[in-house]
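A.B. asks: return a 3D structure for these sequence lines:
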Amino acid sequence: MELQAGAPEAYLGADDVVEASAPEVVELAARLRAEHPGDTAFARAAFEWVRDEVAHSVDAQDPRITVTATEVLERRVGLCFAKSHLLAAVLRAGRVPAGLCYQRFGDGDAAMLHGLVAVHLDGAWSRQDPRGNKPGVDAQFSLGAERLAWPADPAAGDLDYPQVLAAPAPVVLAALRGSDDALALCAGGLPGAL
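C.D. replies: Residues are numbered from 1 along each chain as shown. Next up is the predicted model:
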């Protein structure tokens, strides 16, 4: 699948969710950049840090809702969307273009979105999945063949959205901000389409 994105420079800014200019995000990016010089090494380190150091809400059975990069960083927990917000913010703070992209699993009433990050390195966009690994899930940083938590299966109604967004999808923000329980949200309140 070919990703659809604007100019890489459009994916370096901060907003009120992807808080790339927040001091604590900048500090984490600077530390990772110092330990892992070079854009690719830094991007891999940022991905692995968010994937491994921030628990996925369902895996941790933690109902707290996090939305913004700083909330995720402070609480060290979040759904795939929130973890993606933090990863995009850290990458941008380290001057690596990063956008948000989505998959849809299932169709009809059973459909739900899954959040990813696209990173621009070596002249191309590559999707990364910071969801967090567990038995049966092995997402890895890769600039070649994708190593996502779950590949989309079109025969099952799954869909990879090709758009790389500079800001989180409004439907995702509405779902996160409209809930006070991440576990309940995952049990039936996640958006089913962009």
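
A.B. asks: in this protein, which spans are helices?
C.D. replies: Assigned by DSSP state H, the helices in the chain fall at 23-35, 39-53, 57-60, 69-75, 80-93, 170-177, 182-186.

A.B. asks: okay, those helices, which one's buried deepest?
C.D. replies: helix 80-93 (a mean of 30; mean count of other CB atoms under 10 Å). All C-beta atoms are positioned from the backbone trio N, CA, C, and that covers glycine.

A.B. asks: and that helix, what does it pack against?
C.D. replies: For helix 80-93, the elements it packs on are helix 23-35, helix 39-53, helix 69-75, strand 98-105, strand 112-121, helix 170-177, judged by 3 or more CB pairs under 8 Å, 6 or more residues apart in numbering; DSSP states H and E.

A.B. asks: at 7 Å what do you get?
C.D. replies: In terms of contacts (3 or more CB pairs under 7 Å, 6 or more residues apart in numbering; DSSP states H and E), helix 80-93 is packed against helix 23-35, helix 39-53, helix 69-75, strand 98-105, strand 112-121.

A.B. asks: mean confidence for it?
C.D. replies: In this model, helix 80-93 has an average pLDDT of 98.

A.B. asks: one more: stretch 154-162?
C.D. replies: Stretch 154-162 comes out at a mean pLDDT of 94.

A.B. asks: got the buried residues for it?
C.D. replies: The neighbour-count check on stretch 154-162 (16 or more other CB atoms under 10 Å) flags Asp158, Leu159, Asp160, Tyr161 as buried.

A.B. asks: now the spatially most central residue of the chain, nearest residue through space, not along the chain?
C.D. replies: Central residue of the chain (CA atoms, centre = their mean): Ser84, 1.9 Å from the mean position. Spatially, and ignoring its direct neighbours in sequence, Ser84 is nearest to Gly115 (4.3 Å; CB to CB, 6 or more residues apart in numbering).

A.B. asks: in the sheet, who's paired with that neighbour?
C.D. replies: Tyr102 (DSSP bridges).

A.B. asks: residues in contact with it?
C.D. replies: Residues in contact with Gly115, defined by CB atoms under 7 Å, 6 or more residues apart in numbering, are Cys80, Phe81, Ser84, Leu100, Tyr102, Val172.

A.B. asks: how close does it sit to Arg33?
C.D. replies: 24 Å (CB to CB, to the nearest Å).
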